[in-house]
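Trainee: Predicted model, plus sequence, below.
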Amino acid sequence: MRIGKRSYQAVNWHSESGGVQWIEQRLLPHRFEQIVSPFPEEVAVAIETMQVRGAPTIGATAAYGLALAWKADRSRYFDYWVPRFRSTRPTAVNLFHACDAMQQCAETDPSNDEMIERAEAYAEAEVAANRAIGAGLAEYLAVGERRILTHCNAGWLAAVDWGTATSGIYHLAHAGEKPFVWVDETRPRLQGARLTAWELHQEGIDCRIQADSAAAWMMAQGKVDAIVVGADRIAANGDVANKIGTYALSLAAKAHGVPMYVAAPKSTFDLGCASGKGIPIEERDGGEVVEMDGVDCKGEVQQIRVAATGVGANNPAFDVTPFENITAIVCESGVWRP
Ligand SMILES: CSC[C@@H](O)[C@@H](O)C(=O)COP(=O)(O)O
């Protein structure tokens, strides 16, 4: 999608250098920087430290990283590199599907180029899926549901390109409609305020950031026509793991009769997981809750602490929304009603 007049993807193969290129998402929206690396360990660290994040982007980045590992260190591929990438983050199942796909390819003893082609095919399939999801979603949202609330960043930064939740919004805008988006800031890492609002702004889409705790009140006042979120893992019964706060949104949506759509590619489904009870939820450092960074009046990045020193913080990164709170799950092959 666009930044200014140029199109970018969140992660891609950088053929000039034979490495992986990604957007350093922790610097956004204040600084735009792309990193290129030929080292699989640096790619694994980029996933762990959330330089890249969002379920489909995590999967594609791991696929590229494993193509690099095949080239750099083939003898340790199965025993070290595949487990190394699988350990980078626990909740988004796309990561595990990508590792499985690259492992299967490696078992056929391919050339380095074939492994890179496999990773590219993996990433391209995600982009095609997201585009198709958007076309399906746009049909729903075009029927009067134009004040859309979204949570976290399920945009193109999270999904290589197009986004999952945002894809429908972009399709509507490209068709000349004028969607409006309430962007939940998404505590504690603020993916909504930092990333989604920036993405939408770059695409010229009207949006407004709000505190997560404002969402239910906006629904109570009839100012939200639909909620669209992404997912990190969808269990076989339709329970959906997504960014912390999604479950609370679903309760408010149900109470106010607001439709809640989940937009996700098939790579986010985990049919081996019977229900949300089996989904591993990432626990992150409490520092993310009590510390913040941003730019000061001179444009320099500063970190501040908002709570008393020595007070601990609880930081579950995801929650599970039960299927009965979800109106529909839109994926590339159609619409599923849990
Ligand atoms: C299209 S991505 C959907 C989800 O991955 C997204 O909503 C989300 O929860 C991302 O979490 P993050 O911790 O930023 O990787």
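Mentor: Received it, and whenever you're ready, just let me know what you need.
Trainee: For stretch 257-264, buried residues please.
Mentor: Residues of stretch 257-264 classed as buried: V258, P259, M260, Y261, V262, A263, A264 (neighbour count, 16 or more other CB atoms under 10 Å). For every residue, glycine as well, the C-beta is placed using N, CA and C.
Trainee: Count the residues that sit near the closest residue to the second one other than its chain neighbours.
Mentor: If I follow you right, that is P259. What sits nearest to P259 in space, not counting adjacent residues and going by CB to CB, 6 or more residues apart in numbering, is T327, at 4.2 Å. Residues near T327, counting by other CB atoms under 10 Å, number 19.
Trainee: So N242 lies in a strand, does it not?
Mentor: Yes. Secondary structure assignment places N242 in a strand (DSSP: H, G, I helix; E, B strand; the rest coil).
Trainee: Enumerate the positions of the longest helix seen in the chain that are buried.
Mentor: Counting residues, the longest helix in the chain under DSSP state H turns out to be helix 112-141. If you call a residue buried by 16+ other CB under 10 Å, then helix 112-141 has these buried ones: 115-116, 118-120, 122-123, 125-127, 129-134, 136-138, 140-141.
Trainee: Likewise for stretch 87-95?
Mentor: T88, R89, P90, T91, A92, V93, N94, L95.
Trainee: State the mean pLDDT of it.
Mentor: For stretch 87-95, mean pLDDT rounds to 98.
Trainee: Now the terminal residues of it, how far apart.
Mentor: Length of stretch 87-95, first residue to last, CA to CA, to the nearest Å: 9 Å.
Trainee: Pairing partners for whichever helix or strand comes after the longest helix of the chain, with directions?
Mentor: Later in the chain than helix 112-141, the nearest helix or strand by DSSP states H and E is strand 147-150. Here strand 147-150 has these sheet partners by DSSP bridges: strand 180-184 (parallel), strand 226-229 (parallel).
Trainee: interface residues of the stretch 201-338 of the chain facing the ligand?
Mentor: Counting by CB under 6 Å from any ligand atom, the stretch 201-338 of the chain comes close to the ligand at G230, A231, D232, N242, K243, A317.
Trainee: what sits against the nearest residue to the second one once chain neighbours are set aside?
Mentor: If I follow you right, that is A231. Using CB to CB, 6+ apart and skipping the chain neighbours, the partner closest in space to A231 is A264 (4.1 Å). Residues near A264 by CB atoms under 8 Å, 6 or more residues apart in numbering: A55, I133, T164, G230, A231, I234, V240, I329, V330, C331.
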